[in-house]
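Asker: Pasting the sequence and the predicted coordinates here, then a few questions.
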Amino acid sequence: MEWGVVYKLFPLQGNGGLGKTFELERDAEHNGFTMNVRDAILAETMDKLMILHDAGAHPTELVGLDEDGDYLIVKQPLAQSYGDMEADRDATLRTIDAARHHAIERMRAVPCRARFKRAVWIIWVDERAWELSDLHPGNVMKDASEWPCIIDALLAPVPPVLVNSDRWLSEAVADARVWCETGALTKRKAFDDVNDDDL
């Protein structure tokens, strides 16, 4: 099999934005959280690429800015897509869906059961919690060893003030930290905090 290089171009927007990020806010009305997606600045996009790299996503190399300063260029050597979306979309999507779990596990990303309007995972990198999302089929590929990997995602730090505001978020952050620091994922039992006498 011939392996190539995935190049990504992050265009510089007229407002100075470069890529996307989001801000996390408590949504008291719906007892959950709101992710407000916005344009990222260069430093945030650089942080995202480094955090994803350090967490176990596909290795990413920063190439630099193009000569006009309109694009940030990064590359991911030896990344390969799954199947052919144009020739057999359904089969390719099934393959990616089956591989996504392994790519997420490779990053030691813990699914967060707090109420969001989308699927969310928590990772622990650089002594803090990060929220990971947007793992659509185009963001899941395989590396040179044919292991599933994440090549991109939406990523933002979890504000420390929000961590203890929700049980599910707090548990996901704690589990992600333990998994990162010990290499072992905490096994939580369903209803392990329920007293039988209260039933």
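Answerer: Received it, and whenever you're ready, just let me know what you need.

Asker: in the helix or strand of the chain with the lowest mean pLDDT, what counts as buried?
Answerer: Taking mean pLDDT, DSSP states H and E as the measure, strand 4-11 is the helix or strand of the chain with the lowest mean score, a mean of 84. Neighbour-count burial for strand 4-11, with 16 or more other Cβ atoms under 10 Å as criterion, is recorded at Val6, Lys8, Phe10. The way it works is simple: take the backbone N, C-alpha and C, and place the C-beta from them, glycine included.

Asker: Stretch 126-142 now?
Answerer: For stretch 126-142, the buried set under the neighbour-count rule, 16+ other Cβ under 10 Å, comprises Ala129, Trp130, Glu131, Leu132, Ser133, Asp134, Leu135, Pro137, Asn139, Val140, Met141, Lys142.

Asker: Format the CA atom coordinates belonging to the helix of greatest length in the chain as PDB.
Answerer: If you go by DSSP state H, the chain has its longest helix at helix 89-106. What follows is the C-alpha trace of helix 89-106 in PDB, where atoms were taken according to Å, rounded to 0.1, in the frame of the first residue of the first chain:
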ATOM      1  CA  ARG A  89     -19.800   5.700   0.800                       C
ATOM      2  CA  ASP A  90     -21.900   3.400   3.000                       C
ATOM      3  CA  ALA A  91     -19.100   0.700   3.400                       C
ATOM      4  CA  THR A  92     -16.500   3.400   4.100                       C
ATOM      5  CA  LEU A  93     -18.700   5.000   6.700                       C
ATOM      6  CA  ARG A  94     -19.300   1.600   8.400                       C
ATOM      7  CA  THR A  95     -15.500   1.000   8.500                       C
ATOM      8  CA  ILE A  96     -14.800   4.400  10.000                       C
ATOM      9  CA  ASP A  97     -17.600   4.000  12.600                       C
ATOM     10  CA  ALA A  98     -16.000   0.700  13.600                       C
ATOM     11  CA  ALA A  99     -12.600   2.300  13.800                       C
ATOM     12  CA  ARG A 100     -13.500   5.500  15.600                       C
ATOM     13  CA  HIS A 101     -13.700   3.900  19.100                       C
ATOM     14  CA  HIS A 102     -10.100   2.600  18.800                       C
ATOM     15  CA  ALA A 103      -8.800   6.000  17.600                       C
ATOM     16  CA  ILE A 104     -10.500   7.700  20.600                       C
ATOM     17  CA  GLU A 105      -9.200   5.100  23.000                       C
ATOM     18  CA  ARG A 106      -5.700   5.600  21.600                       C
END
